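Engineer: What would the 3D arrangement of this be:
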Amino acid sequence: MYDEDVEEDYEFDEDTNVYQEESRDDLVDDDEISSEEEAFMKGYEDDIEDTNESSEQ
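Structural biologist: From the prediction side, this is the model:
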């Protein structure tokens, strides 16, 4: 069942991006994501950086 009130309460903040370390830290501090989810996203970010570095060479 879809609850329209939930959508109205949700505000999308374009500066909040789980792929950025500062945003992830804020989400963990606010209990919006778990520390395990934060660690997963950190691993994803590190892998993307490694991939980009190796493709530049």
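Engineer: helices or strands up against the helix or strand containing residue 25?
Structural biologist: Element membership for residue 25, per DSSP states H and E: helix 21-29. Judged by 3 or more C-beta pairs under 8 Å, 6 or more residues apart in numbering; DSSP states H and E, helix 21-29 is in contact with helix 35-56. Bear in mind the C-beta positions are built from the backbone N, C-alpha and C, glycine included.
Engineer: What residues of the helix it packs on count as buried?
Structural biologist: Within helix 35-56, the residues that count as buried by 16 or more other C-beta atoms under 10 Å are 38, 41.
Engineer: Flag every buried residue along the helix holding residue 25.
Structural biologist: Quick answer for helix 21-29 (16+ other C-beta under 10 Å): 23-24, 27-28.
Engineer: Which pair of those spans the longest distance?
Structural biologist: Using C-beta to C-beta, those span at most 9.9 Å, a distance reached by 23 and 28.
Engineer: Pick the one among the buried residues of helix 21-29 closest to residue 42.
Structural biologist: Nearest to residue 42 among these, counting by C-beta to C-beta, is residue 24 at 7.0 Å.
Engineer: what's the distance between residue 40 and residue 23?
Structural biologist: 14 Å (C-beta to C-beta, to the nearest Å).
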